Structures are given as C-alpha cells and as structure tokens.
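A.B. asks: could you look at this predicted model? Sequence included:
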Amino acid sequence: MHVRGTVAGEVDVRSVSTSYGESDLAEVPLRPADDAPNGDAAATRGDGGTATIADGRETTTVTLWNKWTESAELLEPGMELLVTNAKEEEYQGETQYATTGESYVVVEPSFLVSVTSIRNWVECPRLYYLNKLSGVPLNYPVVKGTLVHEVFGDLLRGRDLEEAIDARVEERGLQLGLLGETADAVAEDVRENATAIEGWLQQGRLDEAEDVWRSEQLLISETFGIRGRADAVRRGAPVELKTGKNLKKEPRFKDKVQAACYALLLEEHGGDVDIGTLLYTKNSVLDRNEETGDLDPAKEFTMGEGLLKYVVRLRNEIAAKETSGDIPTGYEADAKCEYCFEQDTCMVVSGRLDQESKAGQIGQPLPDEELEYFDRFYRAIEEERREVHREYAKLWEQTAEERADDDRALIDLEFVEKRPLDEGRWELRARNTGGANSKLREGDLVLASDGDPVRGDSELARIERLDDEIVITADEPVEVTRLDVYPSELTTDRLLVAMHDALLKGNERRKDVLFGRADPEFAEIGEEFIDNNDRQNEAVTKAVGAEDCALIHGPPGTGKTYTIARAIRAMVERGERVLLSAFTNRAVDNALEALLEQLEDVIDEDRVVRVGSESGIRDDMEPYRLERAGDPDDRVEKLQNAQVVAATTSTCGSRVMKEQAFDVALVDEAAQLTEPGTCAAINLAERFVLVGDHEQLPPVVRAENDLTESLFERLVDRYPEAGVMLDRQYRMNQRIQVFASNEFYDGRLRPATPEVAARNLDDLDGVSRDALPENLRDPVSFVDVEGDRSQYTDSEEAARIAELVERYEAAGVERTDIGVIAPFRAQVSEISTHVPDDVAVDTVDRFQGSSQEVIIVSFTATGSLEGPIFEDYRRINVALTRPKRALVLVGDSQALATDPVYERMLEWARG
DNA sequence: TCTCTGCGGAGAGGA
C-alpha cells in the first residue's frame, strides 16, 4: 500500500542492530492525507491504491530504512511525504508503517522535478542552480545538439534524412545567423552526427521486425514527482541520444541517471524496464576503442533497482532544497571543480552574491541592499514557480469536470480523425460538442490526451484551430478527447534570469539609480516636439533627454500612446536604436501601430521589426514580424538592421533578444509589470523610459509577494522629478471624469478641450438623449438593483443590464458602441447570455486599455462588498474611465455604501 | 474559485 501525508514533527534518525547486522532507520511522524487525491487515482493504481488510514487525522509513524534515511534527513515538519509499497505494522496497539524492499520514498511528491534538473544536479547541485539563475546562453554546441535531436525524431517518424536536415536547419535560421554559422556548414555538421544514428537504426530494423518506436514522449509521474521528455522509447525502454563521443565502455554516469529517470517515468506508464540505451552520435569505426573494441554508437546498460532508487533520492534532494529555499553549495555532490566548465561562473556568482561554494569565490559581494533585493525577489519568483507546480499537480488531483469548470481543460471532445503530415507529424481533429469555453487559445501548447493527461495516452500538441472543430498537431497520433493547459515555467525562469542579469551584469550607474544611490540625470533639449500639450511635450523632452531613465505617468485617455510614438520618433531621428516593449502583445501592437504612423517618412519600414510568435501578434502587424526560419545571414541581417524592435517583455528574455543591444528601451503599461519583468526589457538598453499608470491595475501574480509592486511605481515615488504626469484627457465627458480625477489623481486630471468636456450621446449620428428614459440622460447614472445575493453572479443585475442595452439601442446607439464591465468572469458569462453578441462584455482587467461610447458597470455585490476584488480601488478607476459619453453603474446601493470610496462614488453617480 | 498574459514544451553540450 502507499502511505501519504504531512510530516508532523521532528524526524528521528539512528542506527539499530538487527538480525541482518547494523541498519539505519528514520522514524517520521506523519499525519496521513485525509484521502486519496481523488477516487479515480486510487482505483487505477495497480496495487490497490493509497492507504486511507482508519482515523484520518491522527499522527502515525512511518519508518524509513537504510538508504531512505538520506531522504528522511531532508524532511522538515509540514513537508509532504509518499512511501510506496509500505507495510503495515501493529506496535503497542497503534498502526504504523515501514518501507519494504519494494518501497520508494518521495519527498514533496507534487513538486514535479524535470529530468534535466536531476541530470544537472547529479553532476553538481551548483550547476543546477547556476543553470536556473543565469540560463543557458545561445551557443553553437547546444543549437547543434538540438538540431541532431530533432533530426533523430524525424528519422524515427519516417522522414527522409536529407529533407529533415534541410528543414530543421532552415527553421533555426535566426539563431544560426546570430552564431555566425552558414546553413551548409551546419547541415554538414548535423549530417555527420545523424548518419551514425541512421545506420544504427537500419541495423535495428533488419534485426527486429517488430521494433516498436515512439519519439519524444512527454512523461509525467505523479508518484515519483518527475517529468520529462524521452528522446525515444524502443519496445518500452528509454533511448537517450547524445551528440558527441564516448569511447569508454560504460555510458557516462549522468547519462545513465537521465535514462533511469525515463525508466521510472515509463514504469508508471505501465512499462517494466531494466534496459537503457545511450546513443553517442560521434562514436564510429574510426574511433575503435583499443581496450573494448567497441564501435557501436549505442551502449546498452542494465538499470538495477539500486540506480532507480538513487535517482529518486536525488530527486528528493532537489524537491527538499526548493521547498526550503536554500542555495546549494556544491559540497552536496562529488563534483571536481577543476574539470567544470562553469567553474568561473560559479565563483563569480558565489563571490558577488556572497554564497558558499566548493569552487570558491571571486570578487567583492554586492552591497547589502542589492543582496537583500536578490534574496527577496528570488524567493518571490520561486514562490511563483511553486504555483506553476501546483498547476501540474492539478492535472491528476482534479477530476476532468473540475478542470473544465476551472477553464483549464476542454473535455468530452469527440475524436474525428488523424492525418499524417509530410514531416512525419500528425494533424488531429476533434469536435467540441458541448461548445464549452476554456482559457486555451489558438497557438497554445497543450496536453492532448485520450481523456487522462497523466496516466493515459497523451502528447504535447499545438492548437492550430479552435472552433467547434478543433485542429491540433502533434508528434504522435493520439485519439484526442481532452485538451489541458500545459503549465510552463518559462516565465518564472526568465524572470529569474532577468533579475540575475540586472544585478550581476548591469552597469553600476544603472544600479545606483535603481537602488536610490544616484538621482537620474537629464540632458538639455531645446526642441519642441508637441505644440498643443505642454505635459506631453515635457514628457517627450524628458524621454529624449534622459541619461538614465524617465517616467511618464499617463492616466486614462491622456494620449500616452501618441506621446510614446512621438518620443520614439525623436530618438530614431537622433540615430538611436530603440526597443519598444510591454507586458502584453496587445499593448505592444497598439504602441507599434501609433509608432508606425510617426515613422512613416523617417525610416524605411523594414527597419522596424516585431519579434514574437505568430499567434501572439495582431494580424495587421504580421508584415513586421521577424520570421525565425530562413537563411541565417538573411535572418540576422533583418534583425541587426532594425532600428526599432518591438517585443513583449517575456520575449525580451529570450535567448535571441538577449543578444541584442539598444540605446533606449521604452516600456509601455509598465505599472502592470513586476520588477524582474521590467528588467528583462531594460537590461537590453543603455537608458530606459517607463510609461504607465500605477492608479490602474497592478501586475498579475499568483502568489502574494514582493512582485505586486511595479518598478514604475517604485521609481515614481522615489524620483518624482524624473516623471511627468500627463494631465489632459481626450476621452471622457467632464462629468464622467470628475470622480476618477478627484479620487485617484488629486483633481489634476482635466479635459483636454471644451469639446471633450462637453461630449455626450447627442454627438453620435442618429442618437438622441431625449429618446432615453430620464434617469439615463445624464452622462453618469446609477441604477439600484437589490440583487440575487449569489456570490460571483447576479442574474437580476444581468437582466437589468439587458434592458439598459435595449434602451440605448432604442435611442439610436450602435451595439458596437456599448460595453459592459463586470468584476467576475462568472458574471461576464451570465451577462453575455442576456445581451446581443456584438455588445462587448468583459472583466475590468480585460477592458483596461480600451474605451467605448457607453459603458455599463455591473458591481455584482449584494449585502456587503466582501472579497479582494473590491479592495483594490484601482479596479474601479479602470472601470469608471472607459466611457466617452455615458456611464451607467448598476448595483446594490446598500452594499456599495458600506465602503467609503464606493459610497463617494455613489454620491457622485447620483449627481 | 478574484482578477490572468506570456512563453520555442524540455533539453540541447562543452572534456
């Protein structure tokens, strides 16, 4: 049976004499989990499922024997523990448990450690840490290795060798170009490695008629807490490809460990594996090993239980280290620093961050405030990472229905067909019969499965089309009936690297400014850029003249996008190379659109490049998108030649963008970015300009932590003189603007012109306010609805809103000029069923950045204003500043009056 | 269950 629970106290480790001699044991006080994660999980396990211990609350004792005491030493109270194949023992009337010869002990099993992490860790825990902290830079051996692996996968799927090489090299044109490689030379290099594999494969095919292969299988183990992607699986056993030479008789130890990880993963998927194969591509007859006579690129080895258990213990070390937040030192393993490629990096990082390491330290530690900063943000980012891990755990902890309710999965799809594609991949089609929604979008990477993403047949796939019929592409033909969001650590990885680069690679002057040690400086600029708006002109002047940074505070409707575009034009005219960035693709494209207008006669169109994925970029910006595939020289020239590059901050952290350098980085919607997120963009430039509004929505983070305040806000507070607030708005009727101006901008926000101040619905073609009921004729009105008292929806408000929409339509307002805003997604869908399709209904968060003629706000609160969503007043600011000509607030006045800010809002709305 | 966008998935290798 499996025993699972929470460590409930101190672990006692000691040696005892047994009939077999001296043995180590650890006694772990454990509070068993109430139940198996869910009924399904327990029922599908071969051994009869997780133990449900009689009294689910009481603490019991689990004894871990011999080598498992190593994992026991890692345990801290509160950690989760899983022991498989445990035996039950009665001791002094109490039921206790102990490991058996078949047992595995898993620390924090829901923390899914990747196979790469384990492979790095076994070499040196420090290597694992450095890889996480500073990323793997763009270098040729790595890119070549990736190419050889891709071609290997292609060969397994039956693709022609030459065709595969050409196609794969072409796909990586941009990266190869940045490395200064030519397509022919790379193709030759890849061919040399791939030919050995092809020969070996053919030999195998002749020997074994039923050689069953599967390429690049994604595997997740809920028992061992490991995930990874096997290069290939042959007759149920892992095959691991290595680009390079190994003339020794045995595979390298870390390669064995890697293969053993896959063996464990395959075991959980019904395999029973004790053979692993390593393919060293450069081994050939020419390199015949004198001693062994070995010429085959393939080395087979037997994986004993000892190795598999060792791998789980390694994995436990990582899980425990990540849970505690400690930094590895390198003493944890037998690594020899003098042979390590990362020795210098290791010494520099430990020197600068004042960490203990086996390699020793180089250089002086960073100042205390920087060390404190690193520590704070490292913890915050790692907390975000744990949230991603929790997302993984939900793949097996939640039922399909719960996942679907969470919008994390599309379930009960009807499989339609599979069609082989030329490259050996597959196109799969399924019908979404229920027409259900999810957060999945076209272009997303998903787990496509036959209904069970973890234990069933599942593949990593890409969504090509998402209508009633769903089209996805994948390496293997899964009979897909379910799609799950695939949780990715990419964002957290990049945040960590961005912070590392800012502190360890950033120049000193920049850090002086970021840490409040030096005030930002500005050069004199004599030019006038904008002649009809002093603040906008001042903002451009500051942006252009900034020697360190400038901050532009742009409240709703104040022409922030235009100001950015004008500033960038001025920079381009001065011959500078500019990076334009923002958190979302939408914000980047909006800013780029305005910029293109400004740049029309200033530079050639092909000197403006948009970097990002095809699915993320708006269709009309597609002509500017930098295609990654192509001839290396051509691709790299296109990028290097660009004077303006636009990309999301996340893309700024990619390996390609990290190679780029700019004079200025301009970051829009900067108040929605975390500090490390902002760093990803500004790391690439000498100077930076942040544009945003910290009175609107803050960054979205999963965990409560230091990431919630933006760098923009912090710098605006620290250096008010480096900032300019745009104060004239071009959007709202004056009556609409009053509340937000007083409440959020000290009354400083005002209409840009008398026309703006006076705008109302009568200005619109075919609209007459007289046709509206009297209570809606004023630009701001309040409709009191008692509400249905449910928590995240309100059908009465929804019904009333449908009526209001009809009234405005009757008065001549176009449906497309009306927007409805609600705090909760549940209420958004409730309202959507009541109003016509062409009325935009969305959450506050998604309305930020846009505006409408008429806005109706549903507060969805009865009785009281409980819940975090109402506590953040910035959300009301966003909601109330979307309309141009009319705003209607719909809600329960009694509930709203319980909060002073909402009460003032009520007074204002009632006129 | 409060809001939710990004990502070239993980792993690729150098002696």
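C.D. replies: Noted; the coordinates are in hand. Numbers count the residues shown, from 1 in each chain, chains lettered A, B, ... in the order given.

A.B. asks: SS state for the residue nearest to A:Ile682 when sequence neighbours are not counted?
C.D. replies: Excluding the flanking residues, the one nearest A:Ile682 by Cβ to Cβ, 6 or more residues apart in numbering is A:Phe688, at 4.1 Å. C-beta: built from backbone N, CA, C; applies to glycine. Following DSSP: H, G, I helix; E, B strand; the rest coil, A:Phe688 is assigned to strand.

A.B. asks: count of residues packed around A:Phe688?
C.D. replies: 29 (other Cβ atoms under 10 Å).

A.B. asks: isn't it up against A:Asp663?
C.D. replies: No. When contacts are counted by Cβ atoms under 8 Å, A:Phe688 is not listed as touching A:Asp663 (10.2 Å).

A.B. asks: excluding chain neighbours, what is closest to A:Arg408?
C.D. replies: A:Val485 is the one closest to A:Arg408 (Cβ to Cβ, 6+ apart), at 4.7 Å.

A.B. asks: bridge partners for the one you found, pull those for me.
C.D. replies: A:Val446 (DSSP bridges).

A.B. asks: what of A:Thr473?
C.D. replies: A:Glu427, A:Arg462.

A.B. asks: that one reaches A:Arg462, doesn't it?
C.D. replies: Yes. Proximity of A:Thr473 to A:Arg462 meets the contact threshold set by Cβ under 8 Å, at 5.4 Å.

A.B. asks: which ones are touching the residue of the stretch 151-300 of chain A found nearest DNA strand B?
C.D. replies: Per Cβ to the nearest atom of the strand, A:Gly228 is where the stretch 151-300 of chain A lies closest to DNA strand B, at 2.6 Å. Contact analysis of A:Gly228 by Cβ atoms under 8 Å, 6 or more residues apart in numbering lists A:Ser114, A:Val115, A:Thr116, A:Leu218, A:Leu219, A:Cys261, A:Tyr262, A:Leu265.

A.B. asks: buried subset of these?
C.D. replies: Neighbour-count burial (16 or more other Cβ atoms under 10 Å) is assigned, among those, to A:Ser114, A:Val115, A:Leu218, A:Leu219, A:Cys261, A:Tyr262, A:Leu265.

A.B. asks: thinking again about what came up before, the residue nearest to A:Arg408 reaches A:Arg441, doesn't it?
C.D. replies: No. A:Val485 is beyond contact range of A:Arg441, at 10.1 Å (criterion: Cβ under 8 Å).

A.B. asks: follow-up on the earlier one: partner residues bridging the residue nearest to A:Ile682?
C.D. replies: Beta-bridge partners recorded for A:Phe688 (DSSP bridges): A:Cys549, A:Ala665.

A.B. asks: hang on, the earlier thing: doesn't the residue of the stretch 151-300 of chain A closest to DNA strand B fall inside a strand?
C.D. replies: Yes. The assignment for A:Gly228 by three-state DSSP puts it in a strand.

A.B. asks: ok so, going back, could you list which of the buried ones among the contacts of A:Gly228 also contact DNA strand B?
C.D. replies: A:Ser114, A:Val115, A:Leu218 (Cβ under 7 Å from any atom of the strand).

A.B. asks: how about the second one, what does it touch?
C.D. replies: Residues counted as contacts of A:Val115 (Cβ under 8 Å, 6+ apart) are A:Ile226, A:Arg227, A:Gly228, A:Arg229, A:Gln258, A:Cys261, A:Tyr262, A:Leu265.

A.B. asks: the fourth one: how many residues sit nearby?
C.D. replies: For A:Arg229, the count of nearby residues is 15 (other Cβ under 10 Å).

A.B. asks: which strand or helix spans the nearest residue to it once chain neighbours are set aside?
C.D. replies: Leaving aside its sequence neighbours, A:Arg229 sits nearest to A:Leu218 (Cβ to Cβ, 6+ apart; 5.0 Å). In the assignment (DSSP states H and E), A:Leu218 maps to strand A:213-221.

A.B. asks: strand partners of that strand, parallel vs antiparallel please.
C.D. replies: strand A:226-234 (antiparallel).

A.B. asks: next, the buried residues of the partner strand.
C.D. replies: For strand A:226-234, by 16+ other Cβ under 10 Å, it's A:Ile226, A:Arg227, A:Gly228, A:Ala230, A:Asp231, A:Ala232, A:Val233, A:Arg234.

A.B. asks: so how far is it off the chain centroid?
C.D. replies: Its chain's C-alpha centre and that of strand A:226-234 lie 22 Å apart, by Cα atoms, centre = their mean, to the nearest Å.

A.B. asks: name the next helix or strand downstream of it, please.
C.D. replies: Defined by DSSP H and E, the subsequent element after strand A:226-234 is strand A:237-242.

A.B. asks: that next one - which strands sit beside it in the sheet, and in what orientation?
C.D. replies: With DSSP bridges as the test, strand A:237-242 pairs up with strand A:226-234 (antiparallel), strand A:275-280 (parallel).

A.B. asks: what mean pLDDT does the first one have?
C.D. replies: The average pLDDT within strand A:226-234 is 89.

A.B. asks: I figured A:Ser864 was touching A:Thr898, is that so?
C.D. replies: Yes. Using Cβ under 8 Å, A:Ser864 is in contact with A:Thr898, at 5.5 Å.

A.B. asks: so which elements touch the strand of greatest length in chain A?
C.D. replies: Longest strand of chain A, by residue count under DSSP state E: strand A:21-32. In terms of contacts (3 or more Cβ pairs under 8 Å, 6 or more residues apart in numbering; DSSP states H and E), strand A:21-32 is packed against strand A:3-7, strand A:12-18, strand A:60-65, helix A:68-72.

A.B. asks: A:Asp601 - how many residues pack around it?
C.D. replies: Neighbour tally, A:Asp601, other Cβ under 10 Å: 5.

A.B. asks: strands of the stretch 651-800 of chain A, start to end?
C.D. replies: A:662-667, A:685-692, A:723-725, A:728-729, A:750-751, A:780-784 (DSSP state E, counting those that start in this stretch).

A.B. asks: need these in a markdown table (columns: distance to DNA strand B).
C.D. replies: Shown next, in a markdown table, are the strands of the stretch 651-800 of chain A (distance: least, Cβ to the nearest atom of the strand, whole Å):
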| stretch | distance to DNA strand B |
| --- | --- |
| strand A:662-667 | 14 |
| strand A:685-692 | 15 |
| strand A:723-725 | 24 |
| strand A:728-729 | 24 |
| strand A:750-751 | 29 |
| strand A:780-784 | 22 |
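
A.B. asks: let me see the confidence value for the residue of the stretch 1-150 of chain A found nearest DNA strand B.
C.D. replies: Residue nearest to DNA strand B within the stretch 1-150 of chain A: A:Gly145 (2.5 Å; Cβ to the nearest atom of the strand). On pLDDT, A:Gly145 comes in at 92.

A.B. asks: looking at strand pairing, list the partners for the closest residue to A:Gly153 other than its chain neighbours.
C.D. replies: Leaving aside its chain neighbours, A:Gly153 sits nearest to A:Ser215 (4.4 Å; criterion: Cβ to Cβ, 6+ apart). With beta bridges defined as DSSP bridges, A:Ser215 has these partners: A:Ala232.

A.B. asks: around DNA strand B, pick out the residues from the stretch 301-450 of chain A.
C.D. replies: Taking Cβ under 7 Å from any atom of the strand as the criterion, the stretch 301-450 of chain A approaches DNA strand B at residues A:Tyr339, A:Phe341, A:Glu342, A:Asp405, A:Asp406, A:Asp407, A:Lys439, A:Asp444, A:Leu445.
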